[in-house]
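Trainee: no FASTA, just this:
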């Protein structure tokens, strides 16, 4: 049923894009999305397309990315005014509010440790962060007391869950606000490079240490969290077997006793399934979008920069690569409406945001 629904939505989107909007958005803005699509297809051919096509995981992954690609293409080609963008953002915020309220009350009734996708502490903190971002940076916030209530509830929930990812995301928001107050393009770009540098150092420490009691690892990981470390180390050793083209997209699972687990790390997942090229593409995609943001007005730049960095930070210990929100966070800065706004603003000081 999900497959039929996805295909139906894709066909409707494609019809609108090709017939109604005639692909008015130049393909250069979607080149990274196209590169990823090409890499997934090449990955299938390199692993034997005949066997890949009969691999359920690969087919599901291919269709899922196709759905995300067309969705992003649709948004880039149909949103051309500030009013259209505002409507999309309000719809997204309303959806996040509903999920947040449902998860918040269910969590407080059932208990934070209750299993499930929605009330999982990390996913609840992720919804709380996105909700907090929407309310902090909303250009027109007319809720007054309701807005303040959501500020408090979101922050409280992030702390309540005890999610390290949520607390890290909260620090990223605070850091982003400070960075944009400095108003230096070079420093903001440096912060993006710093994120990737810290990530490489962090993963290097984890992947090169056999025992958490020795070396730097004991400063990063508690004894009860070593299961995830072992999962990442196994994934890394599998990546070394096929570092260029990867194994097969959307099929990797690490054995854990009698079950198989996902990587809980998008970067390792991309590396083991699509090869090192996918990580380089993701880095370049994010870099391009951050550079675009530096030409927009402050409020939009701050919101989108925070959203991009929060999205990338959650991928350090979760699997979000199949979630449309992951890609939309990277795609939104390419919308024409921002370029039009920038053209109206005129040229400013190159050293300022």
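Mentor: Alright, I've got the coordinates. For clarity, every value in this text was computed on a predicted model and none was experimentally measured.

Trainee: low pLDDT regions in the stretch 201-350 of the chain?
Mentor: 209-225, 297-298, 338-350 (pLDDT under 70).

Trainee: show me the helices in it, by range?
Mentor: Counting by DSSP state H, counting those that start in this stretch, the stretch 201-350 of the chain has helices at residues 226-239, 266-274, 276-293, 298-314, 324-331, 336-345.

Trainee: okay, those, which one's buried deepest?
Mentor: Counting by mean count of other CB atoms under 10 Å, helix 266-274 has the highest mean neighbour count of those, with a mean of 25. Using the backbone N, CA and C atoms, a C-beta is placed for each residue, glycine as well.

Trainee: and that helix, what does it pack onto?
Mentor: helix 31-46, helix 185-207, helix 226-239, helix 276-293 (3 or more CB pairs under 8 Å, 6 or more residues apart in numbering; DSSP states H and E).

Trainee: show me what it is in contact with.
Mentor: Helix 266-274 is contacted from outside by 39-40, 43, 199, 203, 232, 235-236, 238-239, 242-243, 245-252, 262-263, 278-279, 282, 315-316, 318-321, 326, using CB atoms under 8 Å, 6 or more residues apart in numbering.

Trainee: ok so, going back, for residue 129, which of the helices and strands packed on helix 266-274 is the nearest?
Mentor: Among those, helix 185-207 comes nearest to residue 129, with 15.8 Å by CB to CB.

Trainee: packing partners for the closest one?
Mentor: helix 164-182, helix 226-239, helix 266-274, helix 276-293, helix 298-314.

Trainee: can you select the buried ones from the contacts of helix 266-274 in ChimeraX?
Mentor: What follows is the ChimeraX syntax for the buried subset of these, where burial is set by 16 or more other CB atoms under 10 Å:
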select :39,40,43,199,203,232,235,236,238,239,242,245,246,247,248,249,250,251,252,263,278,279,282,315,316,318,319,320,321,326
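
Trainee: would you turn the helices and strands packed on helix 266-274 into TSV with distance to residue 151?
Mentor: Formatted as TSV, the helices and strands packed on helix 266-274 follow (distance: least, CB to CB, whole Å):
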stretch	distance to residue 151
helix 31-46	34
helix 185-207	24
helix 226-239	31
helix 276-293	24
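
Trainee: quick one, which of these is nearest to residue 149?
Mentor: helix 276-293 (29.5 Å).

Trainee: now tabulate the helices and strands packed on helix 185-207 in TSV and tack on distance to residue 337.
Mentor: As requested, the helices and strands packed on helix 185-207 are exported to TSV (distance: least, CB to CB, whole Å):
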stretch	distance to residue 337
helix 164-182	20
helix 226-239	39
helix 266-274	28
helix 276-293	12
helix 298-314	9
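
Trainee: so which of those comes closest to residue 65?
Mentor: That would be helix 266-274 among the helices and strands packed on helix 185-207, by CB to CB, at 10.7 Å.

Trainee: and the angle from that closest one to helix 324-331?
Mentor: Using axes from the mean of the first three to the mean of the last three CA atoms, to 10 degrees, the inter-axis angle of helix 266-274 relative to helix 324-331 is 100 degrees.

Trainee: now helix 266-274, how far from the chain's geometric center?
Mentor: Counting by CA atoms, centre = their mean, to the nearest Å, helix 266-274 is centred 14 Å from the centre of its parent chain.

Trainee: and the angle for it with helix 185-207?
Mentor: Using the same axes, to 10 degrees: helix 266-274 against helix 185-207 is 70 degrees.

Trainee: what are the bridge partners for residue 260, then?
Mentor: residue 255 (DSSP bridges).

Trainee: what packs against the longest helix along the chain?
Mentor: Using DSSP state H, we find that the single longest helix of the chain is helix 82-110. On a contact count with 3+ CB pairs under 8 Å, 6+ apart, helix 82-110 meets helix 121-137, helix 145-161, helix 336-345.
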